[in-house]
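Student: what shape does this take:
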Amino acid sequence: MVSADNLNLDVLELIFGFLSGNDLPSVALVSRSFLAGVIPRLYNTIAYRLRQAKGYSVQETMSPFAALIAHPHLGVHVRNIEIRSVPTVKLRVHPVFARECRDALRLCRNLKTFKCTVPGVLAMFLPSLQDKPRLESVRIHANLTTDQAQMLLKMNKLQSLSVEFATWNVVDLLPSWTQSLVKSLTSVCLYMINELHEGVLEGMLSHLPNLLGLHVVGCPKVDHVVVLQQISHTPLLQSLSLTTSESTRPLYMPPPSLRHLRHLAFDTRYTMQPSPSPAILASVLSHLKTSAPALLSFAIRLPERKVVVGDPFIAQLIELFGFSLRRLAFLDCGVSQESIAEICKSCVHLERLDVAIPMKELLFFIKNLEYSQTLHTIVDVDNHVDHGIQKSLDSGDVTLMLAGCRSLRKIVTNHRIWTGRMEDDNSRITVNLERRFSHTYGSLWFMPLE
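Tutor: Residues are numbered from 1 along each chain as shown. The predicted structure is shown next:
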């Protein structure tokens, strides 16, 4: 007789792969066989964040790295490590925690992904990352000295590279580092790097003709003009993020061939009044038009939350890419009701819309959503355009939205996820509420959704 307790271990591992969060340790306590089946999933990803760091500092919790040291055989299961916070003592990294991290990293010989976005701590982990033949993806806050930066060159099998706030020592190393990764690297993200300039970017991209993702955001010396010129080296790009400046320099001709492009994001910066940004954004879209890419997602972020994206820009976006767009995101900005209506009418494959839900004009907003037959998810990005105390979305509002847009199934707000479905007899809509967990904590807004 087959019972849950005597199922094959491989079967248990497949079943437990659908669990997450607190369910995993609960299952581990059921029986020895369940413990053996859940351990690979339980230790697959170690994410260390602010809450754990605070508990460690006051000696309320131990670190997961200490658990690995106590049970070295578990290190073989670790595939992903994310360090987004560290405990401190007198403004310095807790020395015991630092030692635990270094020793635990050495045990994780099957590590595939390493993320460390805490300023000033990467250097202490670099020696433990040297012998990791399966390491494929890194995201690092790269404030390093010259000698420390040289250790990065030993990571020579990366498929995804994300470098943030890099010092000049790391920037100078980027062309030679990426040249050593020419056979494997498919995605590059360069974020908030003041020292990055056109010569370095050209030195990198000239070695990466098979690059699929390029994201250069918040780098003052590398704006849209530079990026659009250099991507002529990367004709296979599928995702592109760039920062648009107020530079009126002409764009490089002929336009790059980007017929594989599927994801596009604009980080818009401006300081002048009136700003030439609307014309610049329009020129970038026109520049990409010749490739006729079938964009699946588009995101834009403006520097001031009170700014409303112009109707002409959205009309141009819809005209060029409305036939294929499945996701639109308007972050830190407003969108007029007329544009919402046009989006819902013309984007015939739209599935997800990230936009600030206008609580003061909710009925008009719902009326415009009715034009869409495919929209199933709305994410309220809460741009704070309206000042004062804001009314929160409640079950009544959600019911109205689900009734108005029959394809709508999910509404995501700051800390909540509303889901709903029509009863079988179409008599009423059942609305459910669950807490929104920060699975994407610390993720970069312009990166394509997985």
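
Student: for residue 27, see how far away residue 37 is.
Tutor: According to C-beta to C-beta, to the nearest Å, residue 37 stands 8 Å off from residue 27. (Glycine included, C-beta is placed from N, CA and C.)

Student: I misspoke; the intended subject was residue 61.
Tutor: 21 Å.

Student: neighbour count winner among those two?
Tutor: residue 27 (19 against 15; other C-beta atoms under 10 Å).

Student: quick check: which element contains that one?
Tutor: helix 23-28 (DSSP states H and E).

Student: are there helices or strands packed against that helix, and which ones?
Tutor: For helix 23-28, the elements it packs on are helix 32-42, judged by 3 or more C-beta pairs under 8 Å, 6 or more residues apart in numbering; DSSP states H and E.

Student: pretty sure residue 127 is touching residue 148, no?
Tutor: No - when contacts are counted by C-beta atoms under 8 Å, residue 127 is not listed as touching residue 148 (9.8 Å).

Student: the closest residue to residue 244 other than its chain neighbours: how many residues sit nearby?
Tutor: Using C-beta to C-beta, 6 or more residues apart in numbering and skipping the chain neighbours, the partner closest in space to residue 244 is residue 224 (4.5 Å). Around residue 224 there are 24 other residues, counting by other C-beta under 10 Å.

Student: if I look at residue 224, what pLDDT would I see?
Tutor: As predicted, residue 224 sits at a pLDDT of 96.

Student: buried ones in stretch 274-283?
Tutor: 277, 280-281, 283 (16 or more other C-beta atoms under 10 Å).

Student: what sits up against it?
Tutor: 224, 244-248, 251, 266, 268, 270, 300, 310, 312-313, 316 (C-beta atoms under 8 Å, 6 or more residues apart in numbering).

Student: which of those residues count as buried?
Tutor: Buried, going by 16+ other C-beta under 10 Å: 224, 244-245, 266, 268, 270, 300, 310, 313, 316, out of these.

Student: just the contacts of stretch 274-283: which are in helices?
Tutor: 224, 312-313, 316 (DSSP state H).

Student: and the two most separated of these?
Tutor: The largest separation in those, counting by C-beta to C-beta, is between 224 and 312 at 18.6 Å.

Student: higher neighbour count, residue 127 and residue 148?
Tutor: Higher neighbour count among residue 127 and residue 148: residue 148, with 18 against 13, using other C-beta under 10 Å.

Student: after the strand or helix carrying that one comes which helix or strand?
Tutor: Element membership for residue 148, per DSSP H and E: helix 146-150. Per DSSP H and E, the first helix or strand lying C-terminal to helix 146-150 is strand 160-164.

Student: coming back round to it: which of the contacts of stretch 274-283 lies closest to residue 354?
Tutor: Nearest to residue 354 among the contacts of stretch 274-283, with distances taken as C-beta to C-beta, is residue 300, at 10.2 Å.

Student: hmm, that closest one is touching residue 310, no?
Tutor: No - here residue 300 lies out of contact with residue 310, judged by C-beta under 8 Å, at a distance of 11.1 Å.

Student: ramachandran coordinates for residue 186?
Tutor: For residue 186, the backbone dihedrals (degrees, to the nearest 10) come out as phi -120, psi -10.

Student: ok, the closest residue to residue 226 other than its chain neighbours to residue 174 distance?
Tutor: Nearest non-adjacent residue to residue 226, counting by C-beta to C-beta, 6+ apart: residue 198, 4.8 Å away. Residue 198 is 13 Å from residue 174, where distance means C-beta to C-beta.

Student: with neighbour numbers in mind, choose between the two.
Tutor: residue 174 (23 against 15).

Student: hmm, that one is touching residue 202, no?
Tutor: No - under the criterion of C-beta under 8 Å, residue 174 makes no contact with residue 202, lying 11.0 Å away.

Student: ok, back up a step: which residues do residue 37 and residue 27 both contact?
Tutor: residue 16.

Student: can you point out the buried residues in the lowest-mean-pLDDT helix or strand in the chain?
Tutor: Sorting the helices and strands of the chain by mean pLDDT, DSSP states H and E puts helix 9-16 at the bottom, at a mean of 77. Buried residues in helix 9-16, counted by 16+ other C-beta under 10 Å: 12-13, 15-16.

Student: could you give the mean pLDDT of the helix holding residue 148?
Tutor: The pLDDT scores in helix 146-150 average 96.

Student: shift numbering so it begins at 33
Tutor: In the new count, where the first residue is 33, that last one comes out as helix 178-182.

Student: local confidence estimate at the residue nearest to residue 199 when sequence neighbours are not counted?
Tutor: Counting by C-beta to C-beta, 6+ apart, residue 199 lies nearest to residue 175, which is 5.4 Å off, once chain neighbours are set aside. At residue 175, the model reports a pLDDT of 96.
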